[in-house]
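Chemist: Below is the sequence, then the predicted model.
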Amino acid sequence: MHNLREFIDLLEARGELKRVRVEVSPRLEITEITNRVVKAGGPALFFEKVSGSDLPVAINLFGTRERMSLALGVKSLGEIGQRLEELLALPTGRRETFLAKLSVLPKLKELASYPPKMVKSAPVQEVVETGSEVDLTKLPVLTCWPKDGGPFVTLPMVITKDPETGERNMGMYRLQVFDARTTGMHWHRHKTGAMHFEKAKRLGRRLEVAVALGGSPATIYASTAPLPENLDEFVFAGFLQKRPVELVRARTVDLEVPAQAEIVLEGYVDPKEEFRLEGPFGDHTGYYSLADYYPVFHVTALTRRQDAIYPATIVGRPPMEDYWLGQATERIFLPLARMVLPEIIDYHMPPEGVFHNLVFVAIDKKYPGHAYKVASGLLGLGLMMLAKVIVVLDKDVNIQDPSEAWWVALNNIDPERDVRFFAGPVDVLDHASRHFTFGTKMIIDATQKWPEEGFDREWPDRIEMDPNTTTLVDKRWHEYGLGPLKS
Ligand SMILES: Cc1cc2nc3c(=O)[nH]c(=O)nc-3n(C[C@H](O)[C@H](O)[C@H](O)COP(=O)(O)O)c2cc1C
């Protein structure tokens with residue numbers, strides 16, 4: 001899909017999007033409606049009349065497994081992981097050396113089979129407003145929750161360049177609208193945008209920023225993906241959608257922006273300027289993230305389509321729409337994790353764990369202590385460093401089912417023996433860690449224990465019915481007069 005409106009049309013044609021025609025308020029009302037719909041696994045929503053703005057709001061576009069797959073043009077999210085796996089031709093043999101595994105890394109370049117394409121004119125520049133013409137208060141920006149510090153742009157793709165190398169980055173970082181031409185810039189310290197800002201500060205320069213709203217669904221997803229710093233999100237989006245992302249030069253800053261976006265904000269952050277209080281914000285943890293000081297984004301131009309659609313999401317107590325963006329990441333990045341840790345059979349981050357709070361990992365255990373090796377290895381993989389609790393299980397456990405994973409784990413552990421704590425970086429949004437962004441991790445080894453691990457008792461089998469009896473009962477079920485059972 002080329003852009004947001006093609007995706008919206010597709011969803012509507014499949015009965016996956018509903019239009020709300022009465023006027024609604026962007027202050028709390030849209031959140032309350034959307035929250036109910038998301039929790040019920042309902043459709044994407046298109047609010048045609050939003051008070052205080054001429055622009056409609058599209059929301060919950062990615063809010064189910066099916067829509068997330070449609071967004072990326074696949075039947076199941078695992079297909080993309082398979083494509084990556086084939087591309088990288090991962091060595092799986094145990095005797096492969098670490099160097100041999102690393103030798104496939106240059107193949108990542110092959111992701112660049114659909115590099116972005118520069119175009120001269122773009123729908124997103126049909127209307128161009130600069131300087132005092134810019135008025136962010138005319139956008140239907142949502143105030144999501146009662147204690148939010150103000151209205152927040154919730155689905156922004158923030159584009160910057162490394163001030164030293166010129167390497168481009170795009171990340172999704174929320175923006176609190178302060179007034180007609182300024183917003184907060186809530187990039188966390190572990191994210192690439194914040195690193196570009198730190199470099200600009202060291203060099204004593206302003207950092208130019210462009211923020212795109214809308215674009216192809218793959219582009220929107222790519223801005224949330226934890227890519228290695230040197231992998232361009234537009235290249236990755238091209239790989240996902242199997243066609244190049246069209247880029248156009250921004251009008252007032254030296255950056256390229258998605259030509260097919262709905263709206264683009266152009267401007268800068270100035271490291272010399274004092275940070276401004278941003279938040280609170282009802283966040284994806286289900287709690288308010290507390291107000292804190294962040295850089296100010298000055299908007300020098302706003303470009304948009306004539307009939308622009310404002311895309312948004314809401315976050316809050318899980319599951320929310322962002323769980324499905326996270327699911328895409330979980331499935332797509334599994335082969336990359338396995339490249340370094342091939343003993344991983346699967347991992348899963350259930351919604352209650354809001355991504356980093358809980359990771360279940362199933363491994364093919366081969367030696368004593370293997371669970372700790374895998375947990376430590378995972379913590380070294382990019383943003384996985386923020387994982388708080390890692391539960392390692394044997395390969396026969398279906399960890400996609402948290403109820404099964406906890407059942408096995410709670411049976412298998414002797415808490416004092418099988419739980420380890422150690423220090424590390426934690427997410428900016430973790431409100432419980434004893435220091436800001438620094439806290440502890442808990443590793444639970446819930447694998448079957450081996451004699452070499454000091455276990456000298458007999459390990460029991462799991463209860464399973466014998467296959468002859470299950471077949472017999474299947475065949476005779478109708479005779480028992482019990483009717484069909486709810487599964
Ligand atoms: C809906 C949504 C909102 C997000 N908001 C923020 C945010 O405000 N700040 C932040 O640092 N990360 C936020 N993230 C996570 C980042 O987008 C994600 O970590 C991404 O990989 C960052 O890109 P980067 O590695 O290029 O910095 C959000 C993700 C989603 C799905």
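Modeler: Cool, the structure landed.

Chemist: for the ligand, what are the nearby residues on the stretch 251-400 of the chain?
Modeler: 313, 315, 322, 325, 383 (C-beta under 6 Å from any ligand atom). Heads up, the C-betas are built off the backbone N, CA and C, glycines and all.

Chemist: mind listing which of those are in helices?
Modeler: 322, 325 (DSSP state H).

Chemist: Where is pLDDT lowest across the residues of the stretch 251-400 of the chain next to the ligand?
Modeler: Least confident entry in these, by pLDDT: residue 383, with 94.

Chemist: There's contact between that one and residue 190 in this structure, I believe.
Modeler: Yes. If you go by C-beta atoms under 8 Å, residue 383 and residue 190 touch, sitting 6.8 Å apart.

Chemist: In the stretch 1-150 of the chain, which residue sits nearest the ligand?
Modeler: Using C-beta to the nearest ligand atom, the single residue of the stretch 1-150 of the chain nearest to the ligand is residue 62, 9.0 Å away.

Chemist: Kindly confirm my reading that that residue forms part of a strand.
Modeler: No. Secondary structure assignment places residue 62 outside any strand; it is coil (DSSP: H, G, I helix; E, B strand; the rest coil).

Chemist: how about it, what does it touch?
Modeler: Shown in contact with residue 62 (C-beta atoms under 8 Å, 6 or more residues apart in numbering): 68, 71, 217, 220, 221, 313, 321, 324, 325.

Chemist: Return the backbone torsion pair for it.
Modeler: phi -110, psi 20 (degrees, to the nearest 10).

Chemist: Distance-wise, check it relative to residue 7.
Modeler: 9 Å (C-beta to C-beta, to the nearest Å).

Chemist: Residue 275 too?
Modeler: 36 Å.

Chemist: Looking at these two, which has the bigger crowd around it?
Modeler: Set side by side, residue 275 and residue 7 show more neighbours around residue 7, with 27 against 14, by other C-beta atoms under 10 Å.

Chemist: model confidence over the helix or strand hosting that one, on average?
Modeler: According to DSSP states H and E, residue 7 maps onto helix 4-13. For helix 4-13, the mean per-residue pLDDT is 98.

Chemist: and the angle from the following helix or strand past that helix to helix 4-13?
Modeler: For helix 4-13, the following helix or strand on the C-terminal side (DSSP H and E) is strand 17-24. If you take axes from the mean of the first three to the mean of the last three C-alpha atoms, to 10 degrees, strand 17-24 sits at 100 degrees to helix 4-13.

Chemist: Hey, what's the angle from the helix or strand following strand 17-24 to strand 17-24? Just curious.
Modeler: Later in the chain than strand 17-24, the nearest helix or strand by DSSP H and E is helix 29-39. On the basis of the same axes, to 10 degrees, helix 29-39 is oriented at 150 degrees to strand 17-24.

Chemist: Pull out the buried positions in helix 29-39.
Modeler: Buried residues in helix 29-39, defined by neighbour count with 16 or more other C-beta atoms under 10 Å: 29, 30, 31, 33, 34, 35, 37, 38.

Chemist: between these, which is closest to residue 301?
Modeler: Distance to residue 301, by C-beta to C-beta, is smallest for residue 30 among these, at 26.8 Å.
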